[in-house]
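In: Starting from these lines, generate the structure:
(one chain, ligands or ions: 1)
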Amino acid sequence: MPALSFQSISKVYPASGKNGAPPLKALDDVSFDIEEGEFFGLLGPNGAGKTTLISILAGLARATAGAVKVHGFDVQTDFVQARRHLGIVPQELVFDPFFTVREALVFQSGYFGLHHNGPWIDQLLEGLGLADKAKANMRQLSGGMKRRVLVAQALVHKPPVIVLDEPTAGVDVELRQTLWHFIAGLNRQGHTVLLTTHYLEEAEALCNRLAMLKSGRVIALEKTSVLLSNATANVLYFKTDSALPPSLAGLARVTGRIVALPASGPAEIEQHLAQLRQAGVNAEDVEIRKADLEDVFIELMSGPVTGRRTATLTEAGLADAATA
Ligand SMILES: Nc1ncnc2c1ncn2[C@@H]1O[C@H](COP(=O)(O)OP(=O)(O)OP(=O)(O)O)[C@@H](O)[C@H]1O
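Out: Take a look at the predicted model:
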């Protein structure tokens, strides 16, 4: 049995009467399973539908169609069992300002009927670098420390499935390392991890399998190693102040002075370099690298839109939207 099963999930946000916004199809027939023990990455640009999918998993939003199961328990019809199997670290920093860190964790344990899990709370505090903050009031903590507490809160009941929604957005290198060390350790012990992130190097390093969402649709579902090996073979990097010739400008990814040009192999790299010479482009710090997950992501996302982000809704869809 899969740890998580998303079965034909669609989500239509109803039209907003106030600002005249039409119904929005945020998820369109999303289906995939995550097996026990996987470290799975859910990737996609802003607005692709990642948080909507996680909100449905968490029982915070209702799918317009489809079902989500956690270890076989339906998140709608078997909410209590499904929730017990899940530890969700939300994207937003939500906390109770009146508690100390330890009190917040003891209180959270109470939600799950746990009254004697002090030793596990100590391990969480230690593992997440919070031991010296146990008695600090939540209000006194920095943003990064609050995020550590959110992670600890999600784990108080030792859930077999851990869901992290952009846990490292805007946090420093030290917290990222502490967090990944801790979560990778739990994954090695058998916990399933579902991660959404915009940091593709993190996803490449941590996730054994990935789904990429675009406009509410799954456009790639593959082992990370397979996605990387199917990618454009190389990328030619250089710095320049010159304008690129039109033949290369359409291919290039430009960030300030840094230019990245995908190339299928040595012959195409030669062609790119010849075109740059011919156009009189002064290229500095020239490097050839193997394509990474960012290159794969950009390649896939720049393809035609197959999703139906604001597609005309069928009558059935509108009826669903009205009851969402
Ligand atoms: N409550 C809501 N009502 C109406 N539309 C919504 C609501 N929540 C999200 N949306 C829309 O649904 C789409 C998907 O949003 P969602 O937040 O799931 O994307 P995301 O992939 O998590 O984006 P990000 O990477 O920016 O967090 C977006 O177009 C968003 O504007």
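
In: which ones are touching the residue nearest the centre of the chain?
Out: Per CA atoms, centre = their mean, the C-alpha nearest to the average position across the chain is that of T196, at 1.2 Å. For T196, the contacting residues are G41, L42, L43, G44, K50, T51, I54, L164, D165, E166, by CB atoms under 8 Å, 6 or more residues apart in numbering. Any C-beta I mention is one placed from the backbone N, CA and C, and that applies to glycine too.

In: got a pLDDT number for it?
Out: Looking at T196, its pLDDT stands at 93.

In: hmm, back to that, ok, and which of the contacts of T196 reach the ligand?
Out: Among those, the residues lying close to the ligand (CB under 6 Å from any ligand atom) are G44, K50, T51.

In: Over to the nearest residue to L236 once chain neighbours are set aside: give its phi and psi.
Out: Among residues not flanking L236 along the chain, L261 sits closest, at 4.5 Å (CB to CB, 6 or more residues apart in numbering). With angles defined as degrees, to the nearest 10, L261 sits at phi -120, psi 110.

In: L261 reaches G250, doesn't it?
Out: No: using CB atoms under 8 Å as the test, L261 is too far from G250 to be in contact (10.5 Å).

In: circling back: could the ones next to the ligand among the contacts of T196 go into TSV alongside secondary structure, pLDDT and neighbour count?
Out: Formatted as TSV, the ones next to the ligand among the contacts of T196 follow (DSSP: H, G, I helix; E, B strand; the rest coil; pLDDT from 0 to 100; neighbours: other CB atoms under 10 Å):
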residue	secondary structure	pLDDT	neighbour count
G44	coil	92	24
K50	helix	94	23
T51	helix	92	21
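
In: picking that back up, so which of the contacts of T196 is the most crowded?
Out: Within the contacts of T196, L42 tops the neighbour count with 28 neighbours, counted by other CB atoms under 10 Å.

In: quick one: secondary structure of that one?
Out: Three-state call for L42 (DSSP: H, G, I helix; E, B strand; the rest coil): strand.

In: Next up, the contacts around it.
Out: K50, L53, I54, L194, L195, T196, L210, A211, L213.

In: Would you mind putting these into CSV with secondary structure alongside?
Out: Below are the contacts of L42 laid out as CSV (three-state DSSP):
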residue, secondary structure
K50, helix
L53, helix
I54, helix
L194, strand
L195, strand
T196, strand
L210, strand
A211, strand
L213, strand
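
In: Go through these and say which is closest to the ligand.
Out: The ligand lies nearest to K50 out of these, by CB to the nearest ligand atom, at 3.6 Å.

In: Excluding sequence neighbours, find me the nearest residue to the closest one.
Out: Nearest non-adjacent residue to K50 (CB to CB, 6+ apart): T196, at 4.5 Å.

In: How about A220?
Out: Using CB to CB, 6+ apart and skipping residues adjacent in sequence, the residue nearest A220 is M212, 4.1 Å away.

In: OK, contacts around the one you found?
Out: M212 sits next to L43, G44, V218, I219, A220, L221, F297, L300, M301 when contact means CB under 8 Å, 6+ apart.

In: could you redo the last one with a cut-off of 7 Å?
Out: L43, G44, I219, A220, F297, L300 (CB atoms under 7 Å, 6 or more residues apart in numbering).

In: of these, closest to the ligand?
Out: The shortest approach to the ligand among the contacts of M212 belongs to G44, at 5.1 Å (CB to the nearest ligand atom).

In: Tell me which of the contacts of T196 has the lowest pLDDT.
Out: Checking pLDDT across the contacts of T196, the minimum falls on E166 at 88.

In: residues near the residue nearest to it when sequence neighbours are not counted, how many?
Out: Distance criterion CB to CB, 6+ apart; nearest residue to E166, sequence neighbours excluded, is Q91 at 4.9 Å. Using other CB under 10 Å, Q91 has 16 neighbouring residues.

In: So Q91 is in contact with L164, correct?
Out: No: using CB atoms under 7 Å, Q91 is not in contact with L164; the gap is 9.2 Å.

In: and the gap between G144 and the ligand?
Out: 19 Å (CB to the nearest ligand atom, to the nearest Å).

In: mind listing what that residue touches?
Out: G144 neighbours (CB under 7 Å, 6+ apart): V171, D172, L175.

In: what's the answer for H71, then?
Out: Contact partners of H71, counting by CB under 7 Å, 6+ apart, are M1, A3, H85, P160.

In: Give me the contact list for the helix or strand R83 falls within.
Out: If you go by DSSP states H and E, R83 is part of helix 79-84. For helix 79-84, the surrounding residues in contact (CB under 7 Å, 6+ apart) are G59, V70, F73, D74, V75, F112, H157.
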